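# sequence and predicted model, in that order:
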Amino acid sequence: MPFLKSRKNFYSTIFQTFGIVMLSAFLVSCGGSSNTPPTPESNNNDSESTKLQPNEVLIKVPLEMRNVTVKLYDNTSNQVVTEIASFNGVSSALKFPIEKANRIYRLEISTHPNSQIYDFINDQYVTFTGTYHALVWPTSTESRVFLVSPVSEAVYQRALVRAGQLPNENLDHAQIDDSHFIMAMEDVNAALLNAFKNEKIPTVNNATALAYLASTASSQSLYLDSYLSFGYFMHWYNTHDQATDYYAALTQNIALDLADGYLDGKTVSGNTTTFSALVNTVENTDARFNTAPDIGANQKNAREKFAAELRTAVLDLAQRQLQPSLNGSAYKALSDRAYSGTPNSAYNSANIRTSGAGDYRRAVGFNSAGSCDDTIYPCKRGINGINNDNKDIQFPSIEYLVGRFEANGCILKVRATGDIELSKDNQVYKSSLNGGNTDNLLRVDATTQEYILNSGSAEPSNSTQQYPFIQLKIKANKILSASAGLDKRSSPVQLETEQLTCQF
């Protein structure tokens, strides 16, 4: 029987004796968040009153971990700056070089055969496996407190993709810069409704479970944030045969799902790792409907279905903690809160995304008029990767094209940074969508959503004054073929000289 429900009479006695206020005080003392090395007293104490030195950050984990290794890396040099060989607890202060405060650090938590994590749903410690990551930027917050959770892994994986990482490649963490980290956080927080974003969310072990799970928080917003966040665990537990490895499983699955930036049941093209998707979504394939209202409507079923499931899981968790009787008004707030966002009603807004589940990528293409030299087709110039901060809703996006594609011995890589590589055997051709005139998208057929994407050099490269190109032919977001070659025109339909052509 679930932990608190199985002890109902015991809890009732506690409330009668001490009152809810005392338990609320216990909750506040639980604190919650972040990254850093060991001072013995902080290893098991995540109090917000922890005094951090100028060269320390505090890391917190939502559930107690036992016998795990914690390492803090300088993400630029990949050097370990702090290591705890055997971490036990919910938080720790970790040291970093004070002269290198304004840079990204990478936290890595690795498990061993005897590692355990606290299963707060069943009030027991269970086997813990896997390797977990978080990105930590000491000067990004005044508190220097960081809550490391399943969401942290999703941000880390999304930041790698934003930085140009693709499946089946050796990791190059140093490519992640501040902008990739910030955009990855925005992507993941929007998809998961800011779950585990509040660093004051309590951390839980068998000693503090009563204080957290059966009491009101110091504020209604913290209460709502806490139940929403832990509700994701409850959702996984309920929908996956009450699996006690819900922390590891949820982390792995949302990290794969959110690598493309959306809780959409899909991941980056070319990733063959199987995962249990929380949602099923449809693509946005028609560029004529690349608006917030249209995409919001297209994703409505997936968004609202998952929102309803998440709400049920959160309320289930609250009921297990006897919240309807112990904290009726707060429980009502949990019931009444929104578990997804509302689509932007403005058709010309750059804010396409609706918070919550769904695939909010714009279809490859455009609907507005545009022209380029030397082509009869409607055309848009200055195409770039997905990290460019372009607020023009009419400007085409390559989000659906990011990934690794293989067929017939050919490999095509389209990176979020806009870098493109086409190879076969010893032939390797590279180009970059960096916003130049030779980086353009031609609309061949608006009805069937057929386009040609040209990625060319800014200057001709040989005596014939031909530009080197990689050219992609696309239909409804799918890459049909890729060619590398040369052409005198800045926006060719068919390359004059083809050096390599691959069908996908």
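Thanks, I have the structure now.

# pull the helix or strand with minimum mean pLDDT from the protein.
Sorted by mean pLDDT, DSSP states H and E, the helices and strands of the chain end with helix 8-30, the least confident at a mean of 32.

# quick one, helices of this protein?
3-6, 8-30, 150-162, 178-191, 209-213, 220-239, 246-257, 292-298, 300-320, 323-326, 328-336 (DSSP state H).

# any chance of the ones you listed in TSV with mean neighbour count and distance to residue 105 as columns?
From N, CA and C alone the C-beta is placed, and that goes for glycine too. Shown next, in TSV, are the helices of the chain (neighbours: other C-beta atoms under 10 Å; distance: least, C-beta to C-beta, whole Å):
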stretch	mean neighbour count	distance to residue 105
helix 3-6	17	35
helix 8-30	15	25
helix 150-162	26	12
helix 178-191	20	11
helix 209-213	22	28
helix 220-239	21	23
helix 246-257	22	19
helix 292-298	19	36
helix 300-320	19	31
helix 323-326	17	37
helix 328-336	14	35
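
# to residue 346, which of these lies closest?
helix 292-298 (6.5 Å; C-beta to C-beta).

# and the closest one, how far from the chain's centre?
21 Å (C-alpha atoms, centre = their mean, to the nearest Å).

# on that earlier part again, can you tell which of the helices of the chain is closest to residue 126?
Nearest of the helices of the chain (C-beta to C-beta): helix 246-257, 8.9 Å.

# give the other helices and strands that that closest one contacts.
strand 116-119, helix 150-162, helix 220-239 (3 or more C-beta pairs under 8 Å, 6 or more residues apart in numbering; DSSP states H and E).

# tell me the angle the last one makes with helix 300-320.
Interaxial angle of helix 220-239 relative to helix 300-320 (axes from the mean of the first three to the mean of the last three C-alpha atoms, to 10 degrees): 100 degrees.

# any weak-confidence spans in the chain?
1-50, 209-218 (pLDDT under 70).

# cutoff 50 now
Judged against pLDDT under 50, the low-scoring parts of the chain cover residues 1-46, 49, 214, 216.

# for burial, what's the neighbour tally of the nearest residue to residue 118 once chain neighbours are set aside?
Leaving aside its chain neighbours, residue 118 sits nearest to residue 64 (4.2 Å; criterion: C-beta to C-beta, 6 or more residues apart in numbering). Neighbour count for residue 64, taken as other C-beta atoms under 10 Å: 22.

# now residue 300: how far from residue 479?
28 Å (C-beta to C-beta, to the nearest Å).

# how far off helix 150-162 does the longest strand belonging to the chain point, in degrees?
The single longest strand within the chain, with elements called by DSSP state E, is strand 56-74. Inter-element angle recorded for strand 56-74 and helix 150-162: 40 degrees (by the same axes, to 10 degrees).

# now do strand 56-74: distance to the chain's middle.
20 Å.

# mind listing what's buried along that strand?
Neighbour counts over strand 56-74 (16 or more other C-beta atoms under 10 Å) mark 56-66, 68-74 as buried.

# picking that back up, could the helices and strands packed on helix 246-257 go into CSV alongside distance to residue 436?
Formatted as CSV, the helices and strands packed on helix 246-257 follow (distance: least, C-beta to C-beta, whole Å):
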stretch, distance to residue 436
strand 116-119, 50
helix 150-162, 21
helix 220-239, 43
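
# check whether residue 195 really touches residue 229, as I assumed.
Yes. Counting by C-beta atoms under 8 Å, residue 195 touches residue 229, with 4.5 Å between them.

# what do those two both touch?
Taking C-beta atoms under 8 Å, 6 or more residues apart in numbering as the contact rule, residue 195 and residue 229 both touch residue 149.

# what about residue 166, neighbour count?
Neighbours of residue 166 using other C-beta under 10 Å come to 21.

# which residues touch it?
Residue 166 touches 268, 270, 403-404, 413, 415, counting by C-beta under 8 Å, 6+ apart.

# and which of the residues you listed is nearest to residue 133?
Taking C-beta to C-beta as the measure, residue 133 lies nearest residue 268 of the contacts of residue 166, at 16.7 Å.

# OK, contacts around the closest one?
Contact partners of residue 268, counting by C-beta under 8 Å, 6+ apart, are 161, 166-167, 259-260, 402-404.

# quick one: these as JSON lines, columns for distance to residue 131 too.
Converted to JSON lines, those look like this (distance: C-beta to C-beta, whole Å):
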{"residue": "161", "distance to residue 131": "18"}
{"residue": "166", "distance to residue 131": "20"}
{"residue": "167", "distance to residue 131": "17"}
{"residue": "259", "distance to residue 131": "16"}
{"residue": "260", "distance to residue 131": "21"}
{"residue": "402", "distance to residue 131": "24"}
{"residue": "403", "distance to residue 131": "24"}
{"residue": "404", "distance to residue 131": "22"}
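
# quick one on the thing from earlier: show me which of the contacts of residue 166 is closest to residue 135.
Closest to residue 135, out of all of the contacts of residue 166 and judged by C-beta to C-beta, is residue 268, at 18.1 Å.

# re earlier: export the longest strand of the chain as PDB, just CAs?
What follows is strand 56-74 as a C-alpha-only set of coordinates in PDB (Å, rounded to 0.1, in the frame of the first residue of the first chain):
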ATOM      1  CA  GLU A  56      31.100  26.800  -4.500                       C
ATOM      2  CA  VAL A  57      27.800  25.800  -6.000                       C
ATOM      3  CA  LEU A  58      25.200  23.700  -4.200                       C
ATOM      4  CA  ILE A  59      23.700  20.800  -6.100                       C
ATOM      5  CA  LYS A  60      20.500  19.100  -5.000                       C
ATOM      6  CA  VAL A  61      18.800  15.900  -6.100                       C
ATOM      7  CA  PRO A  62      15.000  15.500  -5.600                       C
ATOM      8  CA  LEU A  63      15.400  11.900  -4.200                       C
ATOM      9  CA  GLU A  64      18.100  10.600  -1.900                       C
ATOM     10  CA  MET A  65      20.900   8.800  -3.700                       C
ATOM     11  CA  ARG A  66      23.300   6.300  -2.100                       C
ATOM     12  CA  ASN A  67      26.700   5.100  -3.200                       C
ATOM     13  CA  VAL A  68      27.000   7.100  -6.400                       C
ATOM     14  CA  THR A  69      30.000   9.000  -7.800                       C
ATOM     15  CA  VAL A  70      29.600  12.700  -8.400                       C
ATOM     16  CA  LYS A  71      32.000  14.600 -10.700                       C
ATOM     17  CA  LEU A  72      32.100  18.200 -11.700                       C
ATOM     18  CA  TYR A  73      33.800  18.900 -15.000                       C
ATOM     19  CA  ASP A  74      35.000  22.100 -16.600                       C
END
